[in-house]
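Asker: Quick one, what's the 3D model for this:
(chains A and B)
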2 protein chains.
Amino acid sequence: MAELGEFALIERINSGRTQTPAVLLGPGDDAALLAAPGGRFVVTTDMLVQDRHFRLDWSSPYEIGRKAIAQNAADVVAMGAVPTGFVVALGCPGETPVALIDGLADGLWAEAAVSGGSIAGGDLVRDSHLVLSVTAFGDPIGPQPVLRSGARAGDVIAVAGRLGWSAAGLAALSAGAGERTEFADAVAAHRVPSPPYRAVLDAMTAGLAPHALTDVSDGLLADLGHIATASNIAIDLDGGALIDRYLEELAEALDADAAQWILTGGEDHAFAAAWPAGTALPAGWTRIGVVGAGQGVTVDGVRPAGRGGWESFAGADSAQRPGSR
Amino acid sequence: MAELGEFALIERINSGRTQTPAVLLGPGDDAALLAAPGGRFVVTTDMLVQDRHFRLDWSSPYEIGRKAIAQNAADVVAMGAVPTGFVVALGCPGETPVALIDGLADGLWAEAAVSGGSIAGGDLVRDSHLVLSVTAFGDPIGPQPVLRSGARAGDVIAVAGRLGWSAAGLAALSAGAGERTEFADAVAAHRVPSPPYRAVLDAMTAGLAPHALTDVSDGLLADLGHIATASNIAIDLDGGALIDRYLEELAEALDADAAQWILTGGEDHAFAAAWPAGTALPAGWTRIGVVGAGQGVTVDGVRPAGRGGWESFAGADSAQRPGSR
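Answerer: Numbers count the residues shown, from 1 in each chain, chains lettered A, B, ... in the order given. Here you go, the predicted structure:
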């Protein structure tokens, strides 16, 4: 890659790509130009560091690229907005094979397309290991973005997407069991999350907006905790609604706790929302609890023990969890 | 910092800050919300890696923060747009002193204010060394952003801001002469560039837009080369207009070449523009050349030998140039 040079490599990464209509001007000038039809846009950013958020022996460059976009696109959708574009800053060693960059770029573009956006620009610098920094943009569908602070007593808590699968896949990989057939789906979910973008976007487009919405990136308890705190309400989950037979089988094989994966595993980028009482839940959503007066999150009325989720700096064990954030 | 935890640290970084009116929603939800009054916005991103783009023994955290924002804000202004907001992803070791993060954050916020914007959000992760990834947003002033591709034969080439001072400061630091009084201004310019934002923004607001515009981040020859290529024209510079007596003195003391600093030094984030023939140049702008038919950039009719600027991957010597990009 050092031989090719920055400008040639950027040209190579961008050649043959098609921008979405929202990207009015793509790479090549001092900055890109994006449409913001409603006069405003949502923006979020996430950084992924090699051997901390991903490992090259556990994921292909293509998978890493997809995951980097998915976790940012999920944040945009979690505001009730349609992803429009992304910019990507990439740090990598000079001896990085061009094929690795090509794979990353293909993954970035593929997931951008799945989410509805395209890669509007970026930066390429040298670093001693891979670092990907993605910033995502979106166009709010409703008159207001959907925040974490809108939940009210009586609302129904529902999720769209999988919970705990990524954590189970990570556990399988960490145990050296990533190649075993029964873990294949969980490992795949860990390598490339599949945020159910459409479950949010179709509902919003049909005029159905939840009171509060977030994506599950830090773990269900932690992310619902953010909603509970921001909305100044309490959430009680129905433990029975969270049972996942597939994860229970995997947990037994690994001598692990499926409930722990489901309640505290991040990275599935499912969506969790508080819907108005009496709402017929839109396609893709499953009821898992209710909102009441008070504070915090309980399961069947009991406050779970232990850490509720994932913090990047929350102690020495965090460095042992590549793939998590 | 590991003890404080990600969320507490983010809260600390953001406490007491005032967002600009363009930031409709700041940190705390899945994403931020920014205004884009004209229905579109410009966006650019740059990544800075410790010991490659900055050194903690050469710059304070505050200076590094200011520089990280300045180089992104300059790209926004180089599109003829007013900076509105920034998001910042920061990677750092768990043992990073909180005071270092505080200094960085103060620098980021200070330069954001100078440019007209504020820090709308970010991400904080662990890495083995410091990595800063900044994404900047802006609101185009005119009906169209000012691109590199609009220069026409007969246009006047002019610059606003300093050329070569950052390169001279870097040379002084590299030679271990960073503390000598005569180098103080150049070293200061290397540590914190002062892009003359107002020279562009005031002209644009007054209805005076150049045909083509860029910021000088890769070196004057390289960046004017981008305008020449994008506009399919030739640029001839007036060598006499580029002479800088201060840099000549410093070059003599360091046995270096002042012209080389001026023509190929990046990082001053001056602005270079092609103005329509006959334009009375706005305040802060100095004529340095003309646009003609043909291709490439010449000085007094002669094509300069050697590399025209800086590429992150352009060979082994790049790693020897921390602070450059």
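Asker: A:S194 against A:G161, yeah?
Answerer: Yes: the pair A:S194 / A:G161 is scored as a contact, 7.3 Å apart, by C-beta atoms under 8 Å. From N, CA and C alone the C-beta is placed, and that goes for glycine too.
Asker: between those two, who's got more neighbours?
Answerer: Comparing A:S194 with A:G161 by other C-beta atoms under 10 Å in any protein chain shown, the one with more neighbours is A:G161, at 24 against 18.
Asker: And for the residue nearest to the more buried one when sequence neighbours are not counted, the neighbour number?
Answerer: Nearest non-adjacent residue to A:G161, counting by C-beta to C-beta, 6 or more residues apart in numbering or on different chains: A:A270, 3.1 Å away. As a burial measure, A:A270 scores 26 neighbours (other C-beta under 10 Å).
Asker: thinking A:A270 is in contact with A:A199, fair?
Answerer: No: A:A270 is beyond contact range of A:A199, at 9.2 Å (criterion: C-beta under 8 Å).
Asker: Tell me who's in contact with A:V297.
Answerer: Applying C-beta atoms under 8 Å, 6 or more residues apart in numbering or on different chains to A:V297 gives the contacts A:L221, A:L224, A:G225, A:A228, A:A234, A:I235, A:D236, A:L237, A:R303, A:P304, A:G308.
Asker: That one - that's part of a strand, no?
Answerer: Yes: the assignment for A:V297 (DSSP: H, G, I helix; E, B strand; the rest coil) places it in a strand.
Asker: For it, name its beta-bridge partners.
Answerer: A:I235 (DSSP bridges).
Asker: From chain B, how far off is it?
Answerer: 16 Å (C-beta to the nearest C-beta, to the nearest Å).
Asker: that's a strand at A:L24, yeah?
Answerer: Yes: assessed with three-state DSSP, A:L24 lies in a strand.
Asker: That one: neighbour count?
Answerer: When neighbours are defined as other C-beta under 10 Å, A:L24 has 18 of them.
Asker: can you pull the contacts of it?
Answerer: A:L33, A:L34, A:A35, B:R40.
Asker: And the strands in the stretch 101-250 of chain A?
Answerer: Counting by DSSP state E, counting those that start in this stretch, the stretch 101-250 of chain A has strands at residues A:118-126, A:131-140, A:156-160, A:212-215, A:234-237.
Asker: want to try JSON lines for these, with mean neighbour count and mean pLDDT as columns?
Answerer: Shown next, in JSON lines, are those (neighbours: other C-beta atoms under 10 Å in any protein chain shown; pLDDT from 0 to 100):
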{"stretch": "strand A:118-126", "mean neighbour count": "24", "mean pLDDT": "96"}
{"stretch": "strand A:131-140", "mean neighbour count": "29", "mean pLDDT": "98"}
{"stretch": "strand A:156-160", "mean neighbour count": "24", "mean pLDDT": "98"}
{"stretch": "strand A:212-215", "mean neighbour count": "28", "mean pLDDT": "98"}
{"stretch": "strand A:234-237", "mean neighbour count": "22", "mean pLDDT": "98"}
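Asker: closest one to A:A283 among those?
Answerer: strand A:156-160 (8.8 Å; C-beta to C-beta).
Asker: And A:T298, what's its pLDDT?
Answerer: Here, the pLDDT recorded for A:T298 equals 97.
Asker: Kindly confirm my reading that A:T96 is in a strand.
Answerer: No: residue state for A:T96 (three-state DSSP) corresponds to coil; a strand is not indicated.
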